[in-house]
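Participant: Sequence isn't available, so here's the structure alone:
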């Protein structure tokens, strides 16, 4: 993504391939189409202005996401979010032990897309963004750490809590179909 | 439970973030352990489900066109042109290395100080200058937890003329930091704290440019953090507040 190999020679060539995913991420953050468009527009304007200071060979994608996120955090909506959703105090704590679970394989097979989208929507912003960066954008822990400006240990613990919160929120919504879980249990053999 | 230590690392495993040696060991374990295998499968499926569900919003064609137009034909870096100019630049660079290094550092420093001054003025001009309003350092300091990637100490102000008004998050060159506002005899003083390594220019204790500035500024580095104290208060007040911070850190 840094452009080292292909040597793109303009901001447009580097930035436009990220347009769809940045817009998608912006919409997830703002939860509003117009605000997402404003956020993306401001992000591109800032990035274009600061492009001369961007160090080629470093991670352009993480740089763009960082600008977008920082722009969001200083926006009215972003400030409201950060003021009303405090982070778990054990930010740098050890990764949480995994609790013994019901067969979530079945749970997620049963979860339709809308249900999952609604559950992600309802996550606190810090959890929502880290889950999307990891799963949807397939960023490495290092890239996420650069994007969010937090240590890798924090990336790991926050991801772990985000996943647990999502599972906990989905579980009751899916329990109505729990009777069918036992039938599907036999599919859960392993990788 | 034998598997507890494995299960604690399952997320890291399915994210492919374990060191390669540990990854191989984990692979072998997962193949032989039905419980960990089932858990790993669950997590992989969850990842896939989120990946699919996450791709939800598509920009309109009209918005895409507008963005393309706004950034098209504005190449900020032309490598081809850069190569042509490189030879000529070498000569200039050799001759002017020392001078440009000095000027570059100074201009980088000046830019940082200008931005710090801008942030100070912008904040005071704002209708809501602080996001956390409190005179209690034990309220203000925890407010920053999780919002900025470092921790810092606030000084005890008893028996001093300074009072804490509150704090807010701020950004300098996309680097998150803390902005605290103090009052001393009706003068507002901003204290900024950033991670030293994230700042765009190297600054030292005496890096204030000699040219006249509209504010008094003091800066120093301590424990990997860069502090700026800026305001229209007297140099003595700025220095006193800086000393209180140095003592607290």
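Facilitator: Okay, I see it. Remember, it's a predicted structure, so these values are computed and weren't measured experimentally.

Participant: low pLDDT regions in chain A?
Facilitator: Residue ranges of chain A with pLDDT under 70: A:1-9, A:82-111, A:174-191.

Participant: let's see 80
Facilitator: A:1-9, A:53, A:55-57, A:76-113, A:172-191 (pLDDT under 80).

Participant: Longest helix in it, by number of residues?
Facilitator: helix A:152-174 (DSSP state H).

Participant: and it, what does it pack onto?
Facilitator: helix A:104-110, helix A:113-121, helix A:125-131, helix A:141-148, helix B:10-14, helix B:34-54 (3 or more Cβ pairs under 8 Å, 6 or more residues apart in numbering or on different chains; DSSP states H and E). For glycine as for every other residue, the C-beta is placed from the backbone atoms N, C-alpha and C.

Participant: Mind listing what's buried along the last one?
Facilitator: Of the residues in helix B:34-54, those buried under the neighbour-count criterion (16 or more other Cβ atoms under 10 Å in any protein chain shown) are B:36-47, B:49-50, B:53-54.

Participant: do the same with the second one
Facilitator: Burial within helix A:113-121, assessed by neighbour count using 16+ other Cβ under 10 Å, is assigned to A:115, A:116, A:117, A:119, A:120.

Participant: Output those of those also counted as contacts of chain B.
Facilitator: A:116, A:117, A:120 (Cβ under 8 Å from any Cβ of the partner chain).

Participant: now, which of the buried residues of helix A:113-121 sits nearest residue A:37?
Facilitator: Of all the buried residues of helix A:113-121, residue A:37 sits closest to residue A:117, with 19.8 Å by Cβ to Cβ.

Participant: Tell me the confidence at the closest residue to that closest one other than its chain neighbours?
Facilitator: Take residue A:117 and drop its neighbours on the chain: the residue closest to it by Cβ to Cβ, 6 or more residues apart in numbering or on different chains is residue B:53, 4.8 Å away. The predicted local distance difference test score for residue B:53 is 86.

Participant: Can you pull up the most central residue in chain A?
Facilitator: residue A:132 (2.4 Å; Cα atoms, centre = their mean).

Participant: so what's that residue up against?
Facilitator: A:25, A:28, A:120, B:50, B:54 (Cβ atoms under 8 Å, 6 or more residues apart in numbering or on different chains).

Participant: Distance check, the residue nearest to residue A:31 when sequence neighbours are not counted against residue A:27.
Facilitator: In space, not counting the residues next to it along the chain, residue A:31 is nearest to residue A:121; the distance is 6.7 Å by Cβ to Cβ, 6+ apart. Distance, residue A:121 to residue A:27, using Cβ to Cβ, to the nearest Å: 10 Å.

Participant: Kindly report the same for residue B:233.
Facilitator: 45 Å.

Participant: Compare those two and say which is more crowded by neighbours.
Facilitator: Shown here are residue B:233 and residue A:27; by other Cβ atoms under 10 Å in any protein chain shown, residue B:233 has more neighbours (24 against 20).

Participant: Got phi/psi on the closest residue to the more buried one other than its chain neighbours?
Facilitator: Nearest residue to residue B:233, sequence neighbours excluded (Cβ to Cβ, 6+ apart): residue B:187, at 3.9 Å. Residue B:187 has phi and psi values of phi -100, psi 130 when expressed as degrees, to the nearest 10.

Participant: Cool, thanks, signing off.
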